[in-house]
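>>> Turn this into a structure:
(one chain, ligands or ions: 1)
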Amino acid sequence: MRRITLTALVAVTLGNPVSVLAEPQAEVLHWWTSGGEAKSVAVLQQEFAANGGTWTDMPVAGGGGDAAMTALRARVLSGNAPTAVQLKGPAIQEWYEEGALADISAVAEAEGWVDVLPASIAGHMRCEGTWCAAPVNVHRVDWIWANAGVLEANGVSMPSTWEEFNAAAEKLQAAGIIPLAHGGQAWQDATVFEAVALGILGADGFRKAFVELDENALTSDAMVAVFDQMRILRGHVDRNFSGRDWNLATAMVMNGEAAFQIMGDWAKGEFLAAGKVPGEDFLCASTPGDGFLYNVDSFAMFNVDGDDKRAGQELLAKLIVGKNFQKVFNLNKGSIPARTDVSLDEFDSCAHLSAEDMAASSEGGSLLPSYAHGMALRGAQAGAITDVVTAHFNSDMSSADAVEMLANAVANSM
Ligand code: BGC
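Presented below is the predicted three-dimensional model:
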């Protein structure tokens with residue numbers, strides 16, 4: 001554990017009926033441990049320290065946060081919750097229902113969050129009318145990343161349909177290049193699966209299947225086609241894909257060993273941290289199909305004792321939604337700000353595309369929560385789907401069997 005120590009007395013009044021003098025303290029549980037992620041979280045650590053806070057770092061490695069969530073449960077069960085936790089989507093409300101979360105409404109109201117956050121994002125941060133989490137960003141999940149030089153050398157362009165993707169992958173494979181850099185971890189399989197599903201099912205089909213858990217949508221012919229495409233993709237990953245971390249897959253695209261990666265824009269954070277330039281060294285495009293799968297990182301504050309920790313929670317919540325932090329953090333992280341009033345002038349072309357597509361899909365009704373990143377469903381339901389996706393990807397299961405298993409798994413998880 002790292003400690004950033006600073007001693008400064010800060011007057012804390014927000015959210016506390018009695019004005020107290022306390023030194024803000026926070027033990028922060030998160031899973032930002034890759035190169036780009038560590039650079040990003042350092043921005044928050046520095047701002048916290050610069051404002052008189054003492055940060056105790058509790059990083060739990062593991063992309064997608066599964067290991068972090070296991071660590072969180074153990075800490076809460078032992079009666080020793082961390083002060084602040086990277087927590088997303090319906091898991092926020094699940095912890096609220098367990099009575100574990102602190103109310104940060106006083107900060108939210110003092111800072112006018114309601115005026116600067118889109119309603120779709122704010123909704124995830126509310127628990128029965130109170131504010132129970134602070135949003136950091138908007139990550140888009142449905143992206144393809146590519147090595148620009150590899151595509152050019154092989155006469156391949158960024159695919160805009162799955163057929164084009166498959167044709168490009170075959171050409172690259174014949175040229176001895178790994179078409180798809182992938183890490184065989186359940187959450188990465190789920191990430192690729194939901195991007196394919198959005199493309200093949202369309203926005204309405206995706207919503208019915210993975211937000212509403214509609215049985216007809218889960219067992220449709222289109223869902224069979226989604227698993228067919230997953231089987232094709234399985235044929236385009238290398239032999240050593242099992243267990244590989246997502247950032248190592250990104251590195252394979254960076255060094256030209258592989259051509260493409262299907263991954264959320266935290267992958268861009270890796271390219272940028274390695275000094276790579278979008279449009280020159282690497283390319284970004286949304287995966288084939290319409291719509292936008294959003295994944296909003298946020299922090300929830302857990303019930304803890306001590307004025308110093310409560311002061312830490314208030315300071316953190318305030319900084320996280322602060323304008324400067326939202327800009328600098330997201331320039332590093334690969335995402336775009338959650339706030340609507342942060343200028344994107346310093347952001348790159350991929351971020352601009354993300355912001356434009358987000359606005360257009362919000363208008364057109366195709367802005368959708370990511371199931372694979374815990375934005376759409378409760379944990380048990382999302383886990384049931386991912387188990388099937390992974391079982392199919394790692395076996396020779398037919399698409400028809402996968403669809404049947406999917407419908408059963410979802411029914412049993414409710
Ligand atoms: C988080 C990102 C993180 C990624 C890989 C996602 O679920 O939202 O912030 O970079 O997992 O760990």
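
>>> Near Glu94, how many other residues are there?
15 (other Cβ atoms under 10 Å). Every residue, glycine included, has its C-beta placed from N, CA and C.

>>> secondary structure element for it?
helix 90-97 (DSSP states H and E).

>>> Also Ser395?
For Ser395, there is no helix or strand it lies in under DSSP H and E.

>>> burial of it, as a residue count?
11.

>>> Same check on Phe206?
If you count neighbours by other Cβ under 10 Å, Phe206 ends up with 28.

>>> Now for the residue in the stretch 101-250 of the chain positioned nearest to the ligand: which residues touch it?
Per Cβ to the nearest ligand atom, His139 is where the stretch 101-250 of the chain lies closest to the ligand, at 5.3 Å. Going by Cβ atoms under 8 Å, 6 or more residues apart in numbering, His139 touches Gly264, Asp265, Trp266, Tyr294, Asn295, Val296, Asp297, Lys333, Gly334, Ser335, His373.

>>> still on that earlier bit, run through the neighbouring helices and strands of the helix or strand just after the helix holding Glu94.
Once the chain leaves helix 90-97, the next helix or strand it forms, by DSSP H and E, is helix 105-111. The contact analysis (3 or more Cβ pairs under 8 Å, 6 or more residues apart in numbering; DSSP states H and E) places helix 105-111 against strand 130-131, helix 307-321.

>>> can you tell me the helix or strand for the residue of the stretch 101-250 of the chain closest to the ligand?
His139 is part of strand 137-140 when elements are defined by DSSP H and E.

>>> Adjacent strands (with direction) for that strand?
strand 292-295 (antiparallel), strand 336-337 (antiparallel) (DSSP bridges).

>>> Show me what counts as buried in that strand.
Judged by neighbour count using 16 or more other Cβ atoms under 10 Å, the buried positions of strand 137-140 are Asn137, Val138, His139, Arg140.

>>> Kindly report the same for stretch 216-228.
So stretch 216-228, judged by 16+ other Cβ under 10 Å, has buried residues Ala217, Leu218, Thr219, Ser220, Ala222, Met223, Ala225, Val226, Phe227, Asp228.

>>> Looking at the record's assignment, how would you partition this structure?
The chain is divided into the following domains under automatic domain parsing: 6-139+295-349, 140-294+352-413.

>>> can I get those domains in CSV with mean pLDDT?
Shown next, in CSV, are those (pLDDT from 0 to 100):
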stretch, mean pLDDT
domain 6-139+295-349, 93
domain 140-294+352-413, 98
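
>>> my read is Ala197 is in a strand, agree?
No - note on Ala197: no strand contains this position according to DSSP: H, G, I helix; E, B strand; the rest coil, which reports helix.

>>> contacting residues around it?
Gly205, Phe206, Ala209, Phe210, Met223, Val226.

>>> on that earlier part again, distance between the strand holding His139 and the chain's centre?
Relative to the chain's own centre, strand 137-140 is displaced by 7 Å; criterion: Cα atoms, centre = their mean, to the nearest Å.

>>> Please apply the same query to stretch 161-176.
For stretch 161-176, the distance to the chain centre is 27 Å (Cα atoms, centre = their mean).

>>> List, one by one, the residues from the protein near the ligand.
Residues of the chain lying close to the ligand (Cβ under 6 Å from any ligand atom) are Trp31, Glu37, Gly63, Gly64, Gly65, His139, Trp266, Asn295, Asp297, His373.

>>> residues contacting Val321?
Here Val321 is in contact with Ala108, Glu111, Trp113, Val116, Leu117, Ala134, Pro135, Ala338, Arg339 (Cβ under 8 Å, 6+ apart).

>>> Could you tell me which of those residues are located in strands?
Those of the contacts of Val321 mapping onto strands are Ala134, Pro135, per DSSP state E.

>>> my guess is Asp307 contacts Ala22, does it?
Yes - the pair Asp307 and Ala22 qualifies as a contact (Cβ atoms under 8 Å) at a distance of 3.9 Å.

>>> Show me which of the two is the more surrounded one.
Ala22 (20 against 16).

>>> ok, so what distance separates that one from Phe302?
17 Å (Cβ to Cβ, to the nearest Å).

>>> Grab the nearest non-local neighbour of the residue in the stretch 301-414 of the chain positioned nearest to the ligand.
Closest contact between the stretch 301-414 of the chain and the ligand, by Cβ to the nearest ligand atom, is at His373 (4.3 Å). Nearest non-adjacent residue to His373, counting by Cβ to Cβ, 6 or more residues apart in numbering: Asn295, 3.9 Å away.

>>> and that neighbour, what are its bridge partners?
With DSSP bridges as the rule, Asn295 is bridged to His139.

>>> ok, now which ones touch it?
The neighbours of Asn295, taking Cβ under 8 Å, 6+ apart as the test, are Lys88, Val138, His139, Arg140, Val141, Gly264, Pro369, Ser370, His373, Gly374, Met375.

>>> Filter those down to the buried ones.
Taking 16+ other Cβ under 10 Å as the criterion, what is buried in the contacts of Asn295 is Lys88, Val138, His139, Arg140, Val141, Gly264, Pro369, Ser370, His373, Gly374, Met375.

>>> What strand or helix carries the nearest residue to the first one once chain neighbours are set aside?
So that's Lys88. Distances taken as Cβ to Cβ, 6+ apart put Gly374 closest to Lys88, at 4.9 Å, once the chain neighbours are dropped. Per DSSP H and E, Gly374 falls between elements, in no helix or strand.
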